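K.L.:
for reference, the sequence and a predicted model appear below.
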Amino acid sequence: MPFDLSTIDWAFIGIQLIGFVAMGLGIGSYQAKRRTTILTIQMTASVLWCLQFFLLSSPAGLINNALGIVRNTVYTQKERWAWVRSLAVPIVFCAVAIAAGIYSFTLEGAIAFLPMLAVIIQTAGYYITNERIIRICSLFVSPLWLVYDAIQLSAAGVLCETLTIISIIIALFRFRQKKKES
């Protein structure tokens with residue numbers, strides 16, 4: 001029996017491809033040396049994740065990635081704008097993440113708290129200007145997104161978080177070794 005291309009869900013494959021592009025950006029971001037570069041690449045990936053979660057009808061993923069874009073945009077200006085250095089900024093972002101989690105809970109149930117918790121941890125980690133802290137916080141964030149992605153059928157998301165964990169571990173080791181050599 002010949003293979004029938006008409007039975008393939010091309011829309012679903014397209015949605016997964018969006019995720020795979022986001023994945024490439026996200027994984028690669030942890031190999032960047034500077035905090036601002038990491039955050040800028042993460043923002044670009046988050047735009048694509050927003051699109052994927054919108055197409056997968058996953059509001060918690062969409063809302064929390066959108067919040068991450070705003071947060072990272074603000075955080076990249078930390079050196080230029082004095083108000084961004086205020087401790088009130090991450091507190092506000094965490095409060096918004098909690099509100100988004102509560103709202104998303106009404107749409108998706110308890111799984112909505114996974115991205116909410118991930119955004120809160122990332123908000124704290126990205127606020128600190130130390131690239132090592134960003135990577136360490138992301139090690140706690142990735143498993144939360146991995147479970148959410150699996151539930152929402154984001155194949156790219158699951159693979160991304162798995163590879164992100166590996167990428168972060170490599171970067172932690174690589175930059176630690178370079179620091180010892182200096």
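P.N.:
Arrived safely, thanks for sending. Residues are numbered from 1 along each chain as shown.
K.L.:
so what's T73 up against?
P.N.:
By Cβ atoms under 8 Å, 6 or more residues apart in numbering, the residues touching T73 are M43. (Each C-beta comes from the backbone N, C-alpha and C, glycine too.)
K.L.:
remind me which helix or strand it belongs to.
P.N.:
helix 59-75 (DSSP states H and E).
K.L.:
what are the buried residues along that helix?
P.N.:
Neighbour counts using 16 or more other Cβ atoms under 10 Å place 59-69, 71-72, 74-75 of helix 59-75 among the buried residues.
K.L.:
from the chain's centre, how far out does it sit?
P.N.:
When C-alpha coordinates are averaged (Cα atoms, centre = their mean, to the nearest Å), helix 59-75 and its chain have centres 8 Å apart.
K.L.:
report all helices and strands that the longest helix along the chain contacts.
P.N.:
What stands out as the longest helix in the chain, according to DSSP state H, is helix 155-181. With contacts taken as 3 or more Cβ pairs under 8 Å, 6 or more residues apart in numbering; DSSP states H and E, helix 155-181 sits against helix 10-29, helix 35-55, helix 131-151.
K.L.:
who are the contact partners of L139?
P.N.:
By Cβ under 8 Å, 6+ apart, the residues touching L139 are 165, 168-169.
K.L.:
check the gap between it and I91 for me.
P.N.:
Distance, L139 to I91, by Cβ to Cβ, to the nearest Å: 23 Å.
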